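K.L.:
Just to be clear, the model below is a prediction. Sequence and coordinates:
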Number of protein chains: 2
Amino acid sequence: MSFSFKVIESNRGEKARAGQLTTTHGTVNTPLFMPVGTQGTVKGVTPEELREVGAEMILCNTYHLYLRPGHKLIEQFGGLHSFMGWKGPILTDSGGFQVFSLGALRKIQEEGVTFQSHLDGSRHLLTPEKAIEIQEALGADIIMCFDECTPYPATRDEARQSMELTHRWALRCKERKARPGAALFGIVQGGMYRDLRKESADTITAMGFDGYAIGGLSVGEGKELMYEMVESVTPHLPADQPRYLMGVGKPEDLVEGVARGIDLFDCVLPTRNGRNGTLFTNDGKLVIKNACFAEDRRPIDEKCGCYTCRNYSRAYLRHLQMAGEMLAPRLNTVHNLHYYMELMAGMRKAILEKRFREFREAFYESRSTPREMPSKSGEG
Amino acid sequence: MSFSFKVIESNRGEKARAGQLTTTHGTVNTPLFMPVGTQGTVKGVTPEELREVGAEMILCNTYHLYLRPGHKLIEQFGGLHSFMGWKGPILTDSGGFQVFSLGALRKIQEEGVTFQSHLDGSRHLLTPEKAIEIQEALGADIIMCFDECTPYPATRDEARQSMELTHRWALRCKERKARPGAALFGIVQGGMYRDLRKESADTITAMGFDGYAIGGLSVGEGKELMYEMVESVTPHLPADQPRYLMGVGKPEDLVEGVARGIDLFDCVLPTRNGRNGTLFTNDGKLVIKNACFAEDRRPIDEKCGCYTCRNYSRAYLRHLQMAGEMLAPRLNTVHNLHYYMELMAGMRKAILEKRFREFREAFYESRSTPREMPSKSGEG
């Protein structure tokens, strides 16, 4: 098993840490943000462009690839890496979050989740065993346990029941996992209850996985509660293993996640916002369709060195967006991903230079929007 | 005026010729195909990618850019070249073809064409003078006279009336043209009547332009008639000036156009077909959505060296197309444009090596589809 993780630096009095994660497809630097390549492509950009913006590892979605083109086909092609042409590490989710999101189209039982395809209505059963089988066929470097994403809001009883189902499924995933070369991560649930979160962390870590994810957050609970839940979990995760905050988030969430000891993130926000023309800058967000940019000769962000900012004015990008041109989502996505990658690289550098606290303060000071939620914790 | 054209080679007994066309934005090699960048972008691809596929000059549409973002705005940005980041030569059409295509939304009079915007219904008057003014503001290297695209079918009288209007407008365009550094091309009309085509060629060339275009073809008349009309015009155009067959065409049309002495072409076909997943190969066309490609490990065209063919299988491209992924039209467009550019480069090389006749024969022999219209003329 070639998977390993090493914490290289953590600042005195801080939970933030910089590390290196090694997989069969190379070593990546943490803290790290994974662009989302739902259907075997990060929408609109090539693998070469992902490299150029600084992406090191990407996430692909098991649910989508299972339905189309099918994991068996991708396996025939030597796995996702060769199918899509991405040479770096890939993490796949378990499909759990997507099938739960189907609402009325799915039914959760002990065995697994019965659901109808959003594409053609066909019926499928996704079980912990099946989720592992699919992910192993896809050939991901990091695969995830099949879990139930606890609904929000949920009563304590509901959250406990859901968490316990996730725990039973985690064991089944661990037992089913067969392929060497893939790392299996456990997922901590527990809703918005600190004690359940701790109990889940203790239970999942006792089972022993290659890394640990925090699931069920960024589901509408608000930043304060999300950060509180992260804080209630990370102290109970092994210090020498990677920690992954699933589906998060906004730039400030990445900073606050790192401040609480998170190593890995993924989110559709930079790519989806890119397609909609909402752009991240060092001064805050910018909606490129706004009339004020019609004659603006400046790049999206004067401090940015991405391909888009090196070559195009806000006026041109606004024109492309207004005209519905395909080049708009593409150029915007390149910029937004570059912003996210630079933010992560900046945090990593700050940690290595023992100045993460200063970085975090400067991050908020530079933004035109006020800091949304000053940390109440002691780590920054 | 830095515009010039030079015929370098023409094969004995053939009308095909290889040349060089020099503009303020550099020298390009003819015969040449111009990708279409309607709204100031060749859909889905960057200027760097255009260069990589071998594009030397592109066409942009006056009608679209006049309405959005407006020629005045583009002029403020130093013209289309700097606005869109394309450093090579640009040819703009006059807007004529687009406003005639509006059907009920436009009215043609001696003064010009009154039309309603397809975007917001606003009313506009496009005259020969206005068409030149807009194109000069856009900063194109080659600008076109405002002409009436004669409807098809048309009676001889209708074709004559339309042609004579085009001639009167051509004079007004020539009188209005002011900007040095831009070349103005006249347009030959005349419907599907050989004698009118000759008359139009004689009249337009007598006015004296920097180059000559053949308009009003590829409008549903069929290949035989189109080729016949081209043949009836080219002998009446000056041998030492560039000839441009507007809005044409399919790969075989390019070969047949070159065989009849055409130097320049433009068409939306490679880009539009690319977006739809219809791909050009050395063996004919291929519809990537077809089920037979689901497990096909080969590139689109094994003889092709484009980025898409170097990196992706038909199976992956089919998956992207079926999934509606943005990367599909982009990768397909790169391939189709590369195919067109290679075809033109192949013709040019053949002419320079005095073997155009052999090239033309081999072109038809290599295609799985039979030659659609054997030439009746003597030039190949």
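P.N.:
Noted; the coordinates are in hand.
K.L.:
okay, CA-based contacts and neighbour counts for the rest of this
P.N.:
OK.
K.L.:
tally of neighbours for the closest residue to A:Thr41 other than its chain neighbours?
P.N.:
Computed as CA to CA, 6 or more residues apart in numbering or on different chains, the closest residue to A:Thr41 that is not its neighbour in sequence is A:Met84, at 6.8 Å. Neighbour count of A:Met84, defined by other CA atoms under 10 Å in any protein chain shown: 23.
K.L.:
So A:Met84 is in contact with A:Gly40, correct?
P.N.:
Yes. A:Met84 is within contact range of A:Gly40, at 6.1 Å (criterion: CA atoms under 8 Å).
K.L.:
Can you tell me the SS state at A:Tyr212?
P.N.:
On the three-state scheme (DSSP: H, G, I helix; E, B strand; the rest coil), A:Tyr212 is labelled strand.
K.L.:
From A:Gly186, how far off is it?
P.N.:
5 Å (CA to CA, to the nearest Å).
K.L.:
Let me see the contact set for A:Arg179.
P.N.:
By CA atoms under 8 Å, 6 or more residues apart in numbering or on different chains, the residues touching A:Arg179 are A:Glu136.
K.L.:
those helices in the stretch 251-380 of chain A, which residues are they?
P.N.:
All helices of the stretch 251-380 of chain A, identified by DSSP state H, counting those that start in this stretch, fall at A:251-259, A:269-276, A:307-311, A:314-322, A:327-352, A:356-366.
K.L.:
Out of these, which is closest to B:His167?
P.N.:
B:His167 lies closest to helix A:314-322 among those, at 35.1 Å (CA to CA).
K.L.:
anything in that closest one sitting right up against chain B?
P.N.:
Yes. Helix A:314-322 reaches chain B (CA under 8 Å from any CA of the partner chain) through A:316, A:319.
K.L.:
per-residue confidence averaged over that helix?
P.N.:
Mean pLDDT, helix A:314-322: 98.
K.L.:
Can you give me the domain assignment for chain A?
P.N.:
Domains of chain A are assigned by automatic domain parsing as A:31-266, A:274-366.
K.L.:
Tell me which of these sits nearest to B:Asp283.
P.N.:
domain A:31-266 (24.7 Å).
K.L.:
Pull up the residues of the stretch 251-380 of chain A that are close to chain B.
P.N.:
A:295, A:297, A:311-313, A:316, A:319, A:323, A:325-327, A:330.
K.L.:
Format those as CSV; extra columns: distance to B:Leu125 and neighbour count.
P.N.:
Converted to CSV, these look like this (distance: CA to CA, whole Å; neighbours: other CA atoms under 10 Å in any protein chain shown):
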residue, distance to B:Leu125, neighbour count
A:Glu295, 25, 18
A:Arg297, 30, 15
A:Asn311, 35, 14
A:Tyr312, 32, 19
A:Ser313, 30, 25
A:Tyr316, 26, 28
A:His319, 23, 24
A:Ala323, 22, 16
A:Glu325, 26, 18
A:Met326, 30, 21
A:Leu327, 30, 22
A:Arg330, 35, 24
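K.L.:
Looking at the residues you listed, which is nearest A:Lys223?
P.N.:
Using CA to CA, A:Arg330 is the member of these that lies nearest A:Lys223, at 29.6 Å.
K.L.:
show me what contacts that closest one?
P.N.:
By CA under 8 Å, 6+ apart, A:Arg330 lies in contact with A:43-45, A:274-275, B:44.
K.L.:
Look at it and report its pLDDT.
P.N.:
A:Arg330 is given a pLDDT of 98.
K.L.:
Please name the nearest non-neighbouring residue to the most centrally placed residue in chain A.
P.N.:
Geometric centre of chain A, nearest residue: A:Asp266, 1.3 Å, by CA atoms, centre = their mean. Computed as CA to CA, 6+ apart, the closest residue to A:Asp266 that is not its neighbour in sequence is A:Met34, at 4.7 Å.
K.L.:
Columns distance to B:Gln20 on top of the domains of chain A, output as a markdown table?
P.N.:
Formatted as a markdown table, the domains of chain A follow (distance: least, CA to CA, whole Å):
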| stretch | distance to B:Gln20 |
| --- | --- |
| domain A:31-266 | 35 |
| domain A:274-366 | 29 |
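K.L.:
For B:Val248, find the nearest of the ones you listed.
P.N.:
Nearest of the domains of chain A (CA to CA): domain A:274-366, 23.3 Å.
K.L.:
quick one: terminal-to-terminal distance for that closest one?
P.N.:
OK, domain A:274-366 end separation, CA to CA: 21 Å.
K.L.:
Show me which residues of stretch A:173-185 are buried.
P.N.:
Neighbour-count burial for stretch A:173-185, counted by 16 or more other CA atoms under 10 Å in any protein chain shown, picks out A:173-174, A:177, A:181-185.
K.L.:
For A:Ile351, give me its contacts.
P.N.:
A:9-11, A:16-18.
K.L.:
Neighbour count added to these, as CSV?
P.N.:
What follows is the contacts of A:Ile351, written out as CSV (neighbours: other CA atoms under 10 Å in any protein chain shown):
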residue, neighbour count
A:Glu9, 15
A:Ser10, 18
A:Asn11, 18
A:Ala16, 27
A:Arg17, 26
A:Ala18, 24
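K.L.:
need these in TSV with distance to chain B, pLDDT and secondary structure, can you?
P.N.:
Shown next, in TSV, are those (distance: CA to the nearest CA, whole Å; pLDDT from 0 to 100; DSSP: H, G, I helix; E, B strand; the rest coil):
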residue	distance to chain B	pLDDT	secondary structure
A:Glu9	38	95	strand
A:Ser10	39	93	strand
A:Asn11	41	87	coil
A:Ala16	36	98	coil
A:Arg17	36	98	strand
A:Ala18	33	98	strand
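K.L.:
okay, those in CSV with distance to B:Leu245 next?
P.N.:
Shown next, in CSV, are these (distance: CA to CA, whole Å):
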residue, distance to B:Leu245
A:Glu9, 66
A:Ser10, 67
A:Asn11, 69
A:Ala16, 65
A:Arg17, 64
A:Ala18, 61
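K.L.:
circling back to that earlier point, A:Tyr212 and A:Gly186 - which one has more neighbours?
P.N.:
Higher neighbour count among A:Tyr212 and A:Gly186: A:Gly186, with 31 against 27, using other CA under 10 Å.
K.L.:
my guess is the more buried one is in a strand, correct?
P.N.:
Yes. If the criterion is three-state DSSP, then A:Gly186 is within a strand.
K.L.:
wait, doesn't it sit right on A:Gly215?
P.N.:
No. Using CA under 8 Å, A:Gly186 is not in contact with A:Gly215, being 9.6 Å away.
K.L.:
Next one: the residue sitting furthest away from the middle of chain A from B:Cys304, what distance?
P.N.:
Residue distances from the centre of chain A (CA atoms, centre = their mean) peak at A:Glu295, which lies 35.8 Å from the mean C-alpha position. Separation of A:Glu295 from B:Cys304 (CA to CA): 41 Å.
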